[in-house]
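Visitor: With the input below, show me the fold.
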Amino acid sequence: MDKKDILNFQSVTRPRKLSEQVEKQLLTSIHKSVFSPGEYLPGEHKLAELFQVSRGVIREALLMLSAKGIIEMRKGKGAIILQPKIDSFYDIFSVMVNYKCGNQSLKYIQAVRTLIEPPISALSAEFRNNKDLSALEACIENMEKQKEDKSLLAQCDIEFHKIITNSCNNPMFPIVLDPIYHVMKTYQKVTFEDAASNRETLKYHERIFNAIKHKNSDEAFNSMKEHLLIAEKDIIKLYSKSES
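Guide: Now for the predicted structure:
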């Protein structure tokens with residue numbers, strides 16, 4: 001055979017199984033909200049008719065969706081679409097952070113937060129509603145009450161930042177930051193060992209809250225920036241102590 005003929009060969013791929021094609025189309029319809037969480041998919045017989053395949057193919061496609069946590073097979077009822085669960089994603093994200101950052105994870109996380117959260121606070125000052133303000137105020141009150149409980153103090157701190165992230169009229173920000181907040185729960189208690197640092201955190205939370213309440217975007221940005229830079233310095237000190 002002439003080598004020129006070999007150069008004209010095209011790469012080949014294995015044709016997708018029928019069940020994989022069905023699974024992909026069902027998944028697309030779920031993502032497009034044709035079928036919503038809590039709804040049942042059409043029965044196997046109806047799906048087989050719609051896709052013009054055997055019920056065995058449909059059953060295999062449904063099992064693949066079930067294995068991914070997209071649906072749940074209920075005896076005598078069919079396949080119900082589940083609410084998306086992101087806890088498993090959080091766990092994968094945590095593993096990746098620890099793998100890439102090692103014992104420096106908290107320091108790198110804080111650097112990312114310092115870049116992202118100030119502009120989010122500015123947006124919160126623009127878009128927040130009364131419910132957001134009430135939630136932020138409750139967080140500050142809880143932090144005042146929980147001064148001696150480092151674990152609860154840490155939870156309130158994360159909740160304060162999460163509320164701001166969720167109040168800025170952009171669903172991408174919680175998608176990006178919620179996994180980071182999840183990882184922080186592993187470390188956050190350590191950052192509240194210093195009572196002076198706790199008072200500083202409360203002071204800045206009140207400043208940030210007041211700026212957001214009065215729709216002062218510049219002040220919200222600057223207060224959050226200062227707050228996170230101070231926290232970043234405290235974290236660097238913690239690392240320095242542990243290494244010495």
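Visitor: From Gly102, how far off is Glu23?
Guide: Counting by C-beta to C-beta, to the nearest Å, the gap from Glu23 to Gly102 is 37 Å. The way it works is simple: take the backbone N, C-alpha and C, and place the C-beta from them, glycine included.
Visitor: Pick out whichever of these two has more residues nearby.
Guide: Here Glu23 and Gly102 are set side by side on neighbour count (other C-beta atoms under 10 Å), and the busier one is Glu23, at 22 against 9.
Visitor: which element is the closest residue to the more buried one other than its chain neighbours on?
Guide: Sequence neighbours aside, Ala61 is the residue nearest to Glu23 in space, at 4.2 Å (criterion: C-beta to C-beta, 6 or more residues apart in numbering). Element membership of Ala61, judged by DSSP states H and E, is helix 55-67.
Visitor: And the average pLDDT for that helix is what?
Guide: Taken as a whole, helix 55-67 has a mean pLDDT of 92.
Visitor: quick one: contacts of whatever helix or strand Ile140 lives in?
Guide: Under DSSP H and E, the secondary-structure element containing Ile140 is helix 130-145. The contact list for helix 130-145 (C-beta atoms under 8 Å, 6 or more residues apart in numbering) reads 124, 152-153, 156-157, 159-160, 163-164, 166-167, 201-202, 205-206, 209, 212-213.
Visitor: From these, keep the buried residues only.
Guide: Burial of the contacts of helix 130-145 was assessed by neighbour count (16 or more other C-beta atoms under 10 Å); the buried members are 124, 152-153, 156-157, 159-160, 163-164, 166-167, 201-202, 205-206, 209, 212-213.
Visitor: From those, which land in helices?
Guide: Secondary structure assignment by DSSP state H places 124, 152-153, 156-157, 159-160, 163-164, 166, 201-202, 205-206, 209, 212-213 of the buried ones among the contacts of helix 130-145 in helices.
Visitor: What does Ala79 show for phi and psi?
Guide: Here the main-chain torsion angles of Ala79 (degrees, to the nearest 10) amount to phi -100, psi 110.
Visitor: And Ile71, by the same measure?
Guide: Here is the backbone geometry of Ile71 (degrees, to the nearest 10): phi -130, psi 170.
Visitor: these two touch, right, it and Gly78?
Guide: No - between Ile71 and Gly78 there is no contact under C-beta atoms under 8 Å: 9.2 Å.
Visitor: if you count what's nearby, which of the two comes out ahead?
Guide: The residue with more neighbours, out of Ile71 and Gly78 and counting by other C-beta under 10 Å, is Ile71; that gives 24 against 17.
Visitor: Name whatever forms a beta bridge with that one.
Guide: Ile81 (DSSP bridges).
Visitor: Can you find the helix or strand in this protein with the smallest mean pLDDT?
Guide: Comparing helices and strands within the chain by mean pLDDT, DSSP states H and E singles out helix 3-7 as the least confident, with a mean of 46.
Visitor: In CSV, list the C-alpha atoms belonging to the helix or strand following that one.
Guide: Read in the C-terminal direction, the helix or strand following helix 3-7 is helix 18-31, with elements assigned using DSSP H and E. Extracted as CSV, the C-alpha positions of helix 18-31 are listed here (Å, rounded to 0.1, in the frame of the first residue of the first chain):
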residue,chain,number,x,y,z
LEU,A,18,-28.1,3.7,21.9
SER,A,19,-28.5,3.9,25.6
GLU,A,20,-25.8,6.6,25.8
GLN,A,21,-27.6,8.6,23.1
VAL,A,22,-30.9,8.3,25.0
GLU,A,23,-29.2,9.3,28.3
LYS,A,24,-27.6,12.4,26.7
GLN,A,25,-31.0,13.5,25.3
LEU,A,26,-32.8,13.0,28.6
LEU,A,27,-30.0,14.9,30.4
THR,A,28,-30.3,17.8,27.9
SER,A,29,-34.1,17.9,28.4
ILE,A,30,-33.6,18.0,32.2
HIS,A,31,-31.0,20.8,32.0
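Visitor: All set, thanks.
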